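>>> this one's structure only:
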């Protein structure tokens with residue numbers, strides 16, 4: 001009888017363990033696929049993300065990089081997704097001066113030698129221009145051309161960066177977890193103190 005109760009308890013515990021393992025393995029928020037070995041002073045908590053993605057899928061994510069900060073960005077996935085390919089683009093606003101209109105003044109009154117009065121063509125007194133604004137994406141990093149991470153030591157001005165992630169297509173579609181690590185290093189603050197005499 002005791003053996004039967006022990007067996008039932010063992011079976012129940014084993015089933016709960018299996019359910020927990022399956023739920024954790026399918027929950028990307030519980031997995032740290034790419035943990036940096038050495039943080040080098042970067043904080044990976046603010047813009048880092050995770051997702052469950054499928055092979056053959058392409059996705060885009062927006063990241064803000066702030067002035068005077070350093071950044072390190074890397075993407076990792078479970079082995080069943082294969083080698084990830086990602087690019088980073090900087091969104092640049094372009095302004096272009098375009099022609100809008102000509103402003104003409106009053107037509108001059110012309111008197112010829114015989115005393116005939118006529119009006120001449122109105123002179124152009126001003127040219128009006130408009131400013132046309134467009135957004136352009138400039139590629140700043142491609143993971144297929146070198147390292148697996150992008151790093152910049154100091155951002156000159158606050159910028160919006162677009163991360164475009166592509167997971168290669170496979171014969172048999174599969175899902176897996178992907179981690180995006182965005183490390184931020186803020187500038188060290190200056191400290192002013194009194195000199196001791």
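Nice, thanks for sending it over. The structure displayed is predicted, hence computed values, not measured ones. Residues are numbered from 1 along each chain as shown.

>>> check which element follows the helix or strand of the chain with the lowest mean pLDDT along the chain.
Within the chain, confidence by mean pLDDT, DSSP states H and E is lowest for helix 2-26 among all helices and strands, at a mean of 52. Using DSSP states H and E, the helix or strand that directly follows helix 2-26 along the chain is strand 49-54.

>>> mean confidence for that following strand?
Taken as a whole, strand 49-54 has a mean pLDDT of 87.

>>> quick one: strands adjacent to the following helix or strand past it?
With elements assigned by DSSP H and E, the helix or strand that comes after strand 49-54 is strand 58-65. Strands adjacent to strand 58-65 in the sheet, as given by DSSP bridges, are strand 159-166 (antiparallel).

>>> beyond the partner strand, next helix or strand please.
strand 175-185.

>>> show me which parts of that following strand are buried, residue by residue.
176, 177, 178, 179, 180, 181, 182, 183, 184, 185 (16 or more other C-beta atoms under 10 Å). C-beta: built from backbone N, CA, C; applies to glycine.

>>> could I get these as CSV with distance to residue 99 and pLDDT?
Below are the buried residues of strand 175-185 laid out as CSV (distance: C-beta to C-beta, whole Å; pLDDT from 0 to 100):
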residue, distance to residue 99, pLDDT
176, 53, 89
177, 53, 90
178, 48, 88
179, 50, 88
180, 44, 87
181, 48, 88
182, 43, 90
183, 47, 90
184, 44, 91
185, 46, 89
